[in-house]
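Sequence and predicted model, in that order:
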Amino acid sequence: MVRVAILGATGYSAKELIRLLLAHPEAKITALTTRQDDQPNLGDVHPVLRGRLDLKLENLDAAEVAKRADCVFCCLPHAASAEVIKELLPLGPRVVDFSADYRLNDAATYTKWYDHDHPDAARMAETVYGLPELYRERIVKSQLVANPGCYPTSTILALAPLLKAGLISADGIIVDSKSGVSGAGRTPKANLHYPEANENFSAYGVGSHRHTPEIDQVLSDFGGKATEVVFTPHLVPMDRGILTTAYSMPAKAIDAAAILAELKKFYATEPFVRVVDGLPTTKDVTGTNYCDVTARVVRGRVVTISVIDNLIKGAAGAAVQNFNLMYGFDETTAL
Ligand SMILES: NC(=O)C1=CN([C@@H]2O[C@H](COP(=O)(O)OP(=O)(O)OC[C@H]3O[C@@H](n4cnc5c(N)ncnc54)[C@H](OP(=O)(O)O)[C@@H]3O)[C@@H](O)[C@H]2O)C=CC1
Ligand SMILES: CC(=O)N[C@@H](CCC(=O)OP(=O)(O)O)C(=O)O
């Protein structure tokens, strides 16, 4: 049995993680943290979990977390996450980080896109990007796994196999993503207020969103040629789900059947990527760890469409998939 701690347990991604781990036969949740000092019960913080686990949320320091847990899931915002992880790692536990702190491997790139210096820059180059479909072997051995961002997961799973196979060009890739509001987390912000978000549809972070370098880093590494994607995220008035449409240039004359055949070959043994012939929708994957993906060729461009649940394959489900790999459990356990 692996003892697990969850930091930032009041948040949306932590709620999904707790729900998944309660069904995991090899995980025992031994600590849940919050910055609040009044030690709320889990069931009061997340009513859907009432009666499922008798545990209080506590304001614990890294030393106490490390005493209680073999594996720590860190569901904190970026910067806050690296501050605690740099204290945790020397104390021994393995860590799955939900934040963006250890996804990029270059400190200057992090500073440019995140507007502050990295709290633990020395460790950036050695961490593992936790997308099992691309980096499974490295995840198995790692003490620290950087769970991917939600938009990057949907984008990379659609494009990486096509770049690797030389079917699309690394130049001129356009990524258009749409996310439900839970993608922004539980902390209130003006644009997430009901009258602002409901019955509205907005683009944001045009040319400046921090997932741009993350997508580039992974596509360039895996595809073997530098990309410079144009990435535009959008907020959609739904609770959860991401749909990403990506446009790329074919590297040679090719039709949709050949693109779909390549994706099906690449993901033939993957439990959580379903290459579909029809057009996937966010509800096809709600509450699941699946990414559904399809492709078309339209007027000389390759169009891929991929969907995930941002809180599952985009966060908590990916974390459990990584946890299963790190501890040698069947990768699909509890998923
Ligand atoms: N939501 C999503 O779809 C996805 C989220 N992520 C990432 O996962 C992480 C968690 O996201 P999510 O669950 O949505 O976020 P939430 O805002 O829902 O929860 C984060 C929790 O962290 C705690 N927290 C907030 N600020 C600080 C701080 N400065 N220092 C310490 N603790 C803090 C809060 O708990 P308290 O106030 O109780 O202390 C809060 O409940 C983030 O890094 C996010 O970017 C990644 C992929 C998808
Ligand atoms: C809708 C919405 O606001 N989504 C979030 C992405 C959440 C995420 O994955 O962010 P991290 O890289 O920090 O983990 C955003 O655009 O900031």
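Sure, I can see it. It should be emphasised that the depicted structure is a prediction, and the values quoted were computed from it without experimental measurement. Ligands and ions are numbered 1, 2, ... in the order given.

For the nearest residue to Ala318 once chain neighbours are set aside, give its distance to ligand 1.
Excluding the flanking residues, the one nearest Ala318 by CB to CB, 6 or more residues apart in numbering is Asn147, at 5.4 Å. No exception for glycine: its C-beta is placed from N, CA and C like everyone else's. Relative to ligand 1, Asn147 is positioned 7 Å away (criterion: CB to the nearest ligand atom, to the nearest Å).

which residues does Asn147 contact?
Val96, Asp97, Phe98, Gly130, Ala315, Ala318, Ala319, Asn322 (CB atoms under 8 Å, 6 or more residues apart in numbering).

Show me which residues of the stretch 151-300 of the chain sit near ligand 1.
With the criterion set to CB under 6 Å from any ligand atom, the stretch 151-300 of the chain comes near ligand 1 through Ser182, Gly183, Gly185, Arg186, Thr187.

Filter these down to just the ones in helices.
Cross-referencing those with the helices (criterion: DSSP state H) gives no overlap at all.

buried subset of those?
Buried members of those, scored by 16 or more other CB atoms under 10 Å, are Ser182, Gly183, Gly185.

so can I have CSV of those showing distance to Thr282 and pLDDT?
Supplementary listing: those in CSV, determined by distance: CB to CB, whole Å; pLDDT from 0 to 100:
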residue, distance to Thr282, pLDDT
Ser182, 12, 98
Gly183, 11, 98
Gly185, 18, 97
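
distance of the residue nearest to Ala318 from ligand 2?
Asn147 sits 8 Å away from ligand 2 when distances are taken as CB to the nearest ligand atom.

For burial, what's the neighbour tally of Ala125?
The local packing count at Ala125 equals 10, with neighbours defined by other CB atoms under 10 Å.

For it, give me its contacts.
Here Ala125 is in contact with Asn105, Asp106 (criterion: CB under 8 Å, 6+ apart).

Buried residues in the helix or strand hosting Tyr110, which are they?
Taking DSSP states H and E as the criterion, the element that holds Tyr110 is helix 107-114. Judged by neighbour count (16+ other CB under 10 Å), helix 107-114 contains these buried residues: Ala107, Thr109, Tyr110, Trp113, Tyr114.

which helices and strands does that helix pack with?
If you count contacts as 3 or more CB pairs under 8 Å, 6 or more residues apart in numbering; DSSP states H and E, helix 107-114 packs onto helix 211-223.

so where do the helices sit in the stretch 151-300 of the chain?
Per DSSP state H, counting those that start in this stretch, the stretch 151-300 of the chain carries helices over the ranges 194-197, 211-223, 256-266.

which of the buried ones among the residues of the stretch 151-300 of the chain next to ligand 1 come close to ligand 2?
Intersecting those with the contacts of ligand 2 gives Gly183 (criterion: CB under 6 Å from any ligand atom).

Out of the buried ones among the residues of the stretch 151-300 of the chain next to ligand 1, the closest to ligand 2 would be?
Comparing these against ligand 2 with CB to the nearest ligand atom places Gly183 closest, at 3.2 Å.

For Tyr194, see how far away the residue nearest to that closest one when sequence neighbours are not counted is.
Excluding its sequence neighbours, the residue lying closest to Gly183 (CB to CB, 6+ apart) is Asn310, at 4.5 Å. Separation of Asn310 from Tyr194 (CB to CB, to the nearest Å): 19 Å.

Same question for Thr332.
Counting by CB to CB, the gap from Thr332 to Tyr194 is 37 Å.

between these two, which one's more packed in?
More neighbours surround Thr332 than the other of Thr332 and Tyr194, with 12 against 9 (other CB under 10 Å).

The more buried one should be in a strand, yeah?
No: when classified by DSSP: H, G, I helix; E, B strand; the rest coil, Thr332 is found to be coil rather than part of a strand.

Isn't it up against Asn324?
Yes: between Thr332 and Asn324 there is a contact under CB atoms under 8 Å: 7.4 Å.

so is the nearest residue to Ser13 once chain neighbours are set aside in a helix, a strand, or just coil?
Taking CB to CB, 6+ apart, and ignoring the residues beside it in sequence, Ser13 has Ala315 as its nearest neighbour in space, at 4.1 Å. Secondary structure state of Ala315, per three-state DSSP, is helix.

For the residue in the chain that ligand 1 sits nearest to, give me its contacts.
Among all residues of the chain, Gly11 sits closest to ligand 1, at 2.2 Å; criterion: CB to the nearest ligand atom. Shown in contact with Gly11 (CB under 8 Å, 6+ apart): Cys75, Gly185, Arg186.

Contact partners for the last one?
When contacts are counted by CB under 8 Å, 6+ apart, Arg186 is found next to Thr10, Gly11, Tyr12.

change it to 6 Å
For Arg186, the contacting residues are Gly11, Tyr12, by CB atoms under 6 Å, 6 or more residues apart in numbering.
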